[in-house]
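[1] build me a structure from this.
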Amino acid sequence: MSRSNNSSPSRRAIPCCLAVLLLATLPLIANAQDDDTVRVNSDLVILNVTVTDRSGSYVPGLQAAQFKIYEDGKEVPIDAISSFSLQETPFASVVLLDTSGSMESPLTMAR
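    Predicted coordinates for the structure are as follows:
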């Protein structure tokens, strides 16, 4: 009577299947590591502002002393501002319209 051999084809297939499964999951593991949170401390904060008067007209030529900047409810001293420049910068905007059936009447009124 012969005993079953541990090196039968079905027993050898198990380690091969495990190896293939491990190789298939490596990209998933790598992607999970890419989603880690990155925290950065920065003392530089860029504030873009546009100043208009009560009639909506643009107010040009303002100086740093004419602004007050607050952080966490406390005024930031003017000497803490490292750079103040006046420049025209590009502006991008997006307008989204809900054109679904429930908005048909309000959309018609808006046109």
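[2] so where is this structure shaky, pLDDT-wise?
    1-18, 20-23, 25-35 (pLDDT under 70).
[3] now the helices for it?
    For the chain, applying DSSP state H gives helices covering 9-34, 104-110.
[4] distance of residue 60 from residue 48?
    For residue 60, the distance to residue 48 (Cβ to Cβ, to the nearest Å) stands at 15 Å. The way it works is simple: take the backbone N, C-alpha and C, and place the C-beta from them, glycine included.
[5] what residues are up against the spatially closest residue to residue 59 that is not a sequence neighbour?
    Using Cβ to Cβ, 6 or more residues apart in numbering and skipping the chain neighbours, the partner closest in space to residue 59 is residue 51 (4.4 Å). By Cβ atoms under 8 Å, 6 or more residues apart in numbering, the residues touching residue 51 are 58-59, 62.
[6] do residue 63 as well
    Residue 63 neighbours (Cβ under 8 Å, 6+ apart): residue 84.
[7] from residue 24, how far out is residue 48?
    For residue 48, the distance to residue 24 (Cβ to Cβ) stands at 47 Å.
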